[in-house]
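K.L.:
Build me a model:
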Amino acid sequence: MTNYLYVKSGGTATGTAGKYTSAKTGSWSTAFSSTAEYYDNLGYCISQAALTSGTEDTYIFVSDEHNYVVTVTGYTNINSTNPNLKVLSVDNDDLSVPSPGGKETFNYTGTNFILIRPTLFYCYGMIFEISDRVIGYINDYNSNTAYQIPLWENCTWIHRSGNYSTNSSVIYTSTRFLNCTFDLGNTPTTYVTHIGFREGYYYQFRNCTFIGWTTTSYSVFKEEYNGAISNIDIEGCDFSQCNRPLFNVLGSSNLSRILTNRNNEATNTRYNRLVDTRINFLNGYFLSGSSKYGSITYNYLGDVETSTSVYRNNGASYDGVNYFSYKVTTTSTTISSVPFTFKLCDFYFKPNKNHTIKIEFARDLGGSAFTQYNLFLELYYKELGTSKFHKDTTLRVCPMNAVNLSTSSESWTGLITPTKQYITLSPSKSGDFEICSVYIGCTLPSVVFYICPKVDIS
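P.N.:
Prediction:
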């Protein structure tokens, strides 16, 4: 059963009064007749509705007009270890449309230190702001159940530098950030806020923006503890408003692998004191296969194998004569909040908003059609006039209004009763002539489908 809960500042719901088995529609004012039908803040919602654990498919929809402000006196938890719980900021005028803007602000006026702990497997469009003398622990209680790495998308984290202490926002366990903003304060203060990592985890930043005041003495990122290897992957991010070194020398006994790629850098971004010989850099990806024309890659959430027996006619060819496709198999651990994503191809191109990227795929033996929620397309490309790469995606975070992807008339060889479809994407920005990368993601567990790696561009 799927649960739906609603949060907007001023709500007075207690217990399960703001919890529903079907999604609300329309605007906030038409969906609710009383403040007792929704919760006042995110943490209260999770605790009152007993959502701190479990596995049920659960959505918490937060109005993009939500503005909860509180002065805290002790540790504050906003946490759930449920890997199927998703928090989304939605349009106050149309509850089915994701819209960034829901905000929660945590102030502290004491003289000690306190912790704010938001722990969420999927979070879309939320703004969290914390004051001086507060340590933010993102995904503190998250155990990465079955290696399902949390995703925060289109969120803003505000933890500005202060005059009382060195503030840190520690990402406590493996987490991915997509199109997020980290505002560390752009006004010089006595102390500097940094983003901290723990040892032994994986951190990914894609298309994120960082804000911070100029310095060569303090870094954006810092390893908080010593221990096992950490993997830090930063791609397509914008540091033009955060003119600081990315990393200082990391912990005294840990090893870290760091990959920075296709970012918009500031003057001091490369002023990194990475002189410690204990630091190892990630240096490549390796594929293997039994055929010289093909390969197979094994991942925790799925496999991608070259198939020369199943292919789209006049599709991708490895020699201009013989065709191939990729056979994709997802594992039982793939879920909507942690989809299986893989790179389909790279090519040089100068995209603009008038172009359409089209990918063909098929399932055999009468397999069900994919919806906009089940399969998605992502495109990386270089923004016009900058060094920054941009990411567009077709992923719909709300499944309620997702429809089947378009039916294709293309012919395939090697399939008996195929369900043929295609997916398209138009770039949202103009790009330079540079390498473009196409990624495919699937949110369904235990499915098999074939995808043509030839990209049709119109």
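
K.L.:
Next, the distance between the ends of stretch 11-21.
P.N.:
Using Cα to Cα, to the nearest Å, one end of stretch 11-21 lies 19 Å from the other.

K.L.:
Can you list the buried residues in it?
P.N.:
By neighbour count on 16 or more other Cβ atoms under 10 Å, the buried set for stretch 11-21 is Gly11, Ala13, Ala17, Gly18, Lys19, Tyr20. In this view, the C-beta of every residue, glycine as well, is placed from N, C-alpha and C.

K.L.:
residue ranges of the helices in this structure, please?
P.N.:
28-31, 42-48 (DSSP state H).

K.L.:
How is this structure divided into domains?
P.N.:
Per automatic domain parsing, the structural domains of the chain span 3-261, 296-457.

K.L.:
related to what we said a few turns ago, mean pLDDT, mean neighbour count and distance to Leu377 for the helices of the chain - can I get that in TSV?
P.N.:
Output for these, formatted as TSV (pLDDT from 0 to 100; neighbours: other Cβ atoms under 10 Å; distance: least, Cβ to Cβ, whole Å):
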stretch	mean pLDDT	mean neighbour count	distance to Leu377
helix 28-31	97	14	32
helix 42-48	95	20	31
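
K.L.:
and those as CSV, adding distance to Ala402?
P.N.:
Below are the helices of the chain laid out as CSV (distance: least, Cβ to Cβ, whole Å):
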stretch, distance to Ala402
helix 28-31, 20
helix 42-48, 25
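
K.L.:
Compare the ones you listed and give me the one nearest Leu415.
P.N.:
Set against Leu415 and scored by Cβ to Cβ, the helices of the chain come closest in helix 28-31, at 44.3 Å.

K.L.:
Now find how far off-centre the closest one is within its chain.
P.N.:
Distance of helix 28-31 from its chain centroid, counting by Cα atoms, centre = their mean, to the nearest Å, is 29 Å.

K.L.:
same deal with stretch 104-119?
P.N.:
The chain centroid and the centroid of stretch 104-119 are separated by 25 Å under Cα atoms, centre = their mean.

K.L.:
picking up where we left off before, minimum distance to Phe347: which of the helices of the chain has it?
P.N.:
helix 42-48 (42.0 Å).

K.L.:
who touches that closest one?
P.N.:
For helix 42-48, the external contacting residues (Cβ atoms under 8 Å, 6 or more residues apart in numbering) are 5, 7, 13-16, 18, 39, 51-52, 60, 62, 68, 76-80, 87, 104, 118, 126.

K.L.:
Give me the buried entries from the residues you listed.
P.N.:
Neighbour-count burial (16+ other Cβ under 10 Å) is assigned, among those, to 5, 7, 13, 18, 39, 51-52, 60, 62, 68, 76-80, 87, 104, 118, 126.

K.L.:
Those in strands, which ones?
P.N.:
Leu5, Val7, Ile60, Val62, Tyr68, Thr76, Asn77, Ile78, Asn79, Val87, Glu104, Pro118 (DSSP state E).
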